[in-house]
Structures are given as C-alpha cells and as structure tokens.
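Engineer: Give me coordinates for this.
(one chain, ligands or ions: 2)
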Amino acid sequence: MLPLEEVVEKSLASVTTLKPELIPLWESCRRFAAEEMYAQVSLPGFDNSAMDGFAVVSSDLKQASEPTPVTLRCTGVIPAGSTAEHAVSRGTCMKIFTGSPIPAGADAVIMQEYCQTNESGKSVDCTDQVKPWENIRMTGEDVREGERVLAKGQLINAGAIGLLAATGHHEIKVGRRPKVALVATGSELEEAPQELAPGKIYDSNRTMLASMISSINGIPKRYPIVRDDLRETCSVLESAFAENDIVLTSGGVSVGDHDHVKPAIKELGGTVGLWKVAIKPGKPFVLGQVNGRPLFGLPGNPASALVTYQLMVRPSLLKMQGATECRLAKRAGILSESFTNKGDRRHFVRVAINPLGQVSSSGGQRSHMLRSLANANALLDLPPESHLTKGESVEVLIIED
Ligand code: AMP
Ligand code: MG
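Structural biologist: Residues are numbered from 1 along each chain as shown. Ligands and ions are numbered 1, 2, ... in the order given. Next up, the predicted model:
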C-alpha cells in the first residue's frame with residue numbers, strides 16, 4: 001500500500017497544464033490566471049473627495065466651531081467626472097462630491113453636514129475644523145500604476161475581477177477548462193428513468209463526478225455505461241481518450257475477473273499502474289495513459305469514488321488549469337462526538353461542520369453508502385489506530401461542491 005501523498009504526487013506528475021485562453025474578464029470568476037496582471041492605472045487615479053461637501057484650505061477653518069462659524073466664498077461646483085476650472089485660494093471653497101477631483105489649492109474637504117450655504121449660494125458657513133488631507137483619497141494609496149494586481153495561478157474571485165476592471169483590464173488569460181471523459185463500468189448499472197431489472201442498480205458515479213468536475217470549471221462528458229466486457233470497455237475508452245483531455249473511470253479497477261479497465265488501456269497501447277492507496281474508503285486507484293492523455297481509474301463504490309476524486313483527482317484538474325493552490329481547504333473545528341479508527345489505513349470520515357465549527361459524522365461510513373455523502377461538507381482525516389475524543393480540536397478538509 002502506498003501513502004496518499006505519494007499517489008497524489010504521481011497523479012499530479014501525470015498531467016500537464018493546458019494551453020491558456022483569452023476570455024472576457026466578466027466570465028473569469030473561479031478560473032485561474034495564466035499570467036501575472038499589472039495595474040494600467042493607479043487607484044485612486046487622482047486625489048479625490050471621500051465625501052459630499054466643500055473643498056477648502058484647511059488652515060482657513062482653524063477657528064471654526066458651531067458658535068463661531070467661518071464663512072468662505074464659494075467659487076464653483078465640481079460634479080463627478082469633471083475637473084475644476086480654477087484653484088481654491090484662501091478664504092474660498094468649491095462644492096464637491098464623492099469621487100470628484102480635488103481642485104488645486106485645496107487640501108481638505110469639509111463634510112456638507114458642517115456647512116450652511118447662504119441663500120445666494122455664493123458663501124458657506126463652516127461650523128467645524130478639518131485636518132490637512134481630511135476626507136481626501138490620495139492618488140495610488142490603494143494600487144500604484146504598474147504594480148502587480150494578480151499572481152499567475154491565482155484563483156480569480158469577484159473582488160479580483162473588480163480590481164482588474166478598475167485597473168484597466170477587460171479580458172484575461174486563464175487556464176483552459178479541461179474536458180473530462182466520464183466512463184462508468186459495471187454490467188449492473190442502469191440509467192434512470194429506465195426500470196431496474198433484478199440485480200441492477202442506478203449509476204450514480206457519472207452524475208456525481210460530473211457535478212464535482214463542473215464546479216471546478218471542468219467540462220464533463222458522460223459516456224454510455226460500459227458493461228463488464230473488454231471489447232466494450234476498449235471501444236468507449238478509445239472515444240473517451242480521443243475527445244478529452246483526461247479520462248475518469250469508475251468501477252472495474254480491482255483485481256476481480258470482471259475488471260477490464262486495466263486490460264483495455266493496455267489493448268489501446270497505453271501504460272497503466274494500479275495502486276493500493278492506504279486510505280479508507282477507496283483503496284484501489286488506477287493511473288494510466290494512452291497517447292500521453294491521462295486516465296484516473298476510481299473505485300466503483302460511490303463513497304470511495306467521491307473521496308478518491310476529492311483527494312487524488314481534483315488537484316490534478318486544478319493543475320491542468322494552472323492553479324497554484326490545488327489542495328482542499330482546511331477548517332478548524334471541534335468534535336461533537338468521538339471517532340475511532342481501528343484499521344491500518346487513514347480513514348477519511350464524511351463529516352458535517354456547521355457554521356459554529358462543530359464537527360459531527362454525516363452518517364453511515366461504509367463505502368457503498370450514499371446518504372452520508374449528501375449530508376457531508378468535509379472530510380475528517382482519522383489516522384490509523386487512533387481515537388479522537390469529543391471536544392477535541394481538529395482540522396477538517398472542506399468539500400465545497
Ligand atoms: P467495482 O469497483 O466495479 O468492483 O464496484 C464496486 C461497487 O460499486 C459495486 O457494488 C458496484 O455495483 C458499485 N458501483 C460501481 N459503479 C457504480 C456506479 N457508477 N454507480 C453506483 N455504484 C457503482
Ligand atoms: Mg464493477
């Protein structure tokens with residue numbers, strides 16, 4: 001049996017980053033930057049007002065207070081998007097709005113709440129002092145022109161899209177979305193809404209894997225269910241390799257007589273390795289390639305398929321898109337119940353972590369059980385021959401999708 005980390009390394013090594021593509025910025029959420037991005041303008045691009053009020057010379061208002069207001073002559077208005085035609089000099093002010101450029105000569109903005117415009121509109125009584133540069137947003141205090149605003153491989157979120165748009169970008173190079181073939185093997189598998197004949201079950205892996213793949217930008221393609229037959233396995237795998245960047249299979253990867261994934265890969269001229277990974281659920285894992293295209297073979301049991309996907313496939317699909325961070329996020333929590341692992345493999349327990357950080361089992365943990373999958377939002381990594389007690393602090397791996 002191999003340690004999980006070694007198999008993850010092997011999986012990552014078997015895939016390469018896809019050629020990037022240029023896409024509109026607004027479509028880039030959740031994708032990964034394929035190059036560093038730099039600000040084309042500073043933020044703010046010019047000194048501007050943080051308030052609606054009056055641009056003033058701060059020293060004019062040194063004595064201003066409610067009982068002794070200072071009266072300034074108002075020489076104009078600076079609406080947003082325009083610039084002042086003249087400077088502010090001592091004893092004068094200009095009406096200004098949030099985001100309007102500070103006129104030359106002014107060094108502060110007094111909020112309009114502290115100002116009383118006289119009837120003519122020509123003068124303003126100010127009832128408070130202002131410090132130099134008060135209520136002024138300074139050029140470049142957020143971002144300087146030429147500064148890096150996004151790292152290569154960084155996950156693009158809505159905030160990054162806002163930052164990029166504000167610094168003059170309208171498109172971005174991102175890692176291409178991998179096309180992922182989904183091949184489910186098993187003569188027992190049937191597809192709803194077909195009626196189930198005796199001994200048959202509904203396929204769930206293709207659909208479950210497709211949803212997890214979509215949620216990290218992959219483009220899943222579901223192939224018809226493959227019966228336990230070498231010819232059929234070869235024929236579907238041949239199309240799957242030809243039409244996709246990577247192939248995922250479920251089932252048919254143990255050493256049973258009816259397991260045809262490995263022989264099929266060999267038949268297609270590829271190479272293949274079967275690894276026993278020291279984790280539960282999900283011991284067998286196949287890594288193969290045909291014509292340089294990788295194949296990951298997952299166990300058929302749904303819980304095993306989900307856990308091995310999250311731990312061993314997801315990182316590779318992220319690497320293919322150029323992501324720098326390929327691991328599952330961790331979250332600290334407190335156990336609401338005790339957990340025991342008597343076995344010799346790490347047990348990835350399906351758990352639910354609530355908004356308060358309390359961690360509890362999400363239900364039955366055997367690898368054919370699906371109910372607990374629906375209730376799980378995290379995995380608890382329980383070491384071999386270990387016991388964790390209720391109330392203990394732990395870190396769980398978040399499964400977001
Ligand atoms: P296998 O890995 O092919 O030996 O399958 C292990 C178990 O997983 C068996 O009980 C299969 O019926 C079940 N199984 C295999 N493929 C799927 C699938 N696509 N959806 C749901 N269950 C499956
Ligand atoms: Mg099978």
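Engineer: so what's the residue in the stretch 201-350 of the chain positioned nearest to ligand 2 closest to, chain neighbours aside?
Structural biologist: Here the stretch 201-350 of the chain gets closest to ligand 2 at one residue, residue 251, 3.9 Å apart by C-beta to the ion. Yep, even glycine has a C-beta here, placed from its N, CA and C like the rest. In space, and not counting its chain neighbours, residue 251 is closest to residue 300: 3.1 Å by C-beta to C-beta, 6 or more residues apart in numbering.
Engineer: Isn't the residue of the stretch 201-350 of the chain closest to ligand 2 up against residue 188?
Structural biologist: No. With contact defined as C-beta atoms under 8 Å, residue 251 does not reach residue 188; the gap is 9.2 Å.
Engineer: of the two, who's got more company?
Structural biologist: More crowded of residue 251 and residue 188, by other C-beta atoms under 10 Å: residue 251, with 29 against 17.
Engineer: and that one, what is it in contact with?
Structural biologist: Contact analysis of residue 251 by C-beta atoms under 8 Å, 6 or more residues apart in numbering lists 184, 185, 186, 189, 205, 261, 298, 299, 300.
Engineer: So which of those residues sit within strands?
Structural biologist: Residues of these located in strands (DSSP state E): 184, 189, 298.
Engineer: Looking at strand pairing, list the partners for the first one.
Structural biologist: It refers to residue 184. residue 250 (DSSP bridges).
Engineer: doesn't residue 250 make contact with it?
Structural biologist: Yes. Counting by C-beta under 8 Å, residue 184 does reach residue 250; the two are 5.0 Å apart.
Engineer: out of those two, which sits in the more crowded spot?
Structural biologist: residue 250 (30 against 26).
Engineer: So for that one, what's the pLDDT?
Structural biologist: If you check residue 250, the pLDDT there is 96.
Engineer: now residue 100
Structural biologist: At residue 100, pLDDT is 98.
Engineer: what residues are up against it?
Structural biologist: Applying C-beta under 8 Å, 6+ apart, the residues near residue 100 are 48, 49, 78, 79, 80, 81, 82.
Engineer: Buried ones among those residues?
Structural biologist: 48, 49, 78 (16 or more other C-beta atoms under 10 Å).
Engineer: tell me the phi and psi of the first one?
Structural biologist: According to degrees, to the nearest 10, the main-chain angles of residue 48 amount to phi -140, psi 170.
Engineer: next one: residue 219
Structural biologist: Dihedral angles for residue 219 - degrees, to the nearest 10 - are phi -110, psi 100.
Engineer: same deal with residue 8?
Structural biologist: Torsion angles, degrees, to the nearest 10, at residue 8: phi -60, psi -40.
Engineer: check contacts around it.
Structural biologist: 311, 312, 315.
Engineer: Let me know the distance separating it from residue 101.
Structural biologist: Distance, residue 8 to residue 101, using C-beta to C-beta, to the nearest Å: 53 Å.
Engineer: which parts of the stretch 301-401 of the chain sit against ligand 1?
Structural biologist: 301, 302, 368 (C-beta under 6 Å from any ligand atom).
Engineer: that older thread, what residues are shared contacts of residue 184 and residue 250?
Structural biologist: 205, 206.
Engineer: Which residue ranges of the stretch 151-300 of the chain form helices?
Structural biologist: 158-166, 205-215, 230-243, 261-267 (DSSP state H, counting those that start in this stretch).
Engineer: now check the worst-scoring helix or strand of the chain on mean pLDDT, is it near ligand 1?
Structural biologist: Every helix and strand in the chain was compared by mean pLDDT, DSSP states H and E; the lowest is strand 271-276, with a mean of 90. No. Judged by C-beta under 6 Å from any ligand atom, strand 271-276 and ligand 1 are separated, with a smallest distance of 12.0 Å.
Engineer: now for that strand, which elements pack on it?
Structural biologist: helix 4-13, helix 261-267, strand 284-290 (3 or more C-beta pairs under 8 Å, 6 or more residues apart in numbering; DSSP states H and E).
Engineer: Could you rerun that using 7 Å?
Structural biologist: helix 261-267, strand 284-290 (3 or more C-beta pairs under 7 Å, 6 or more residues apart in numbering; DSSP states H and E).
Engineer: Nearest approach to residue 142 belongs to which of these?
Structural biologist: strand 284-290 (46.1 Å; C-beta to C-beta).
Engineer: Can you name the residue of this structure nearest ligand 1?
Structural biologist: Using C-beta to the nearest ligand atom, the single residue of the chain nearest to ligand 1 is residue 300, 2.5 Å away.
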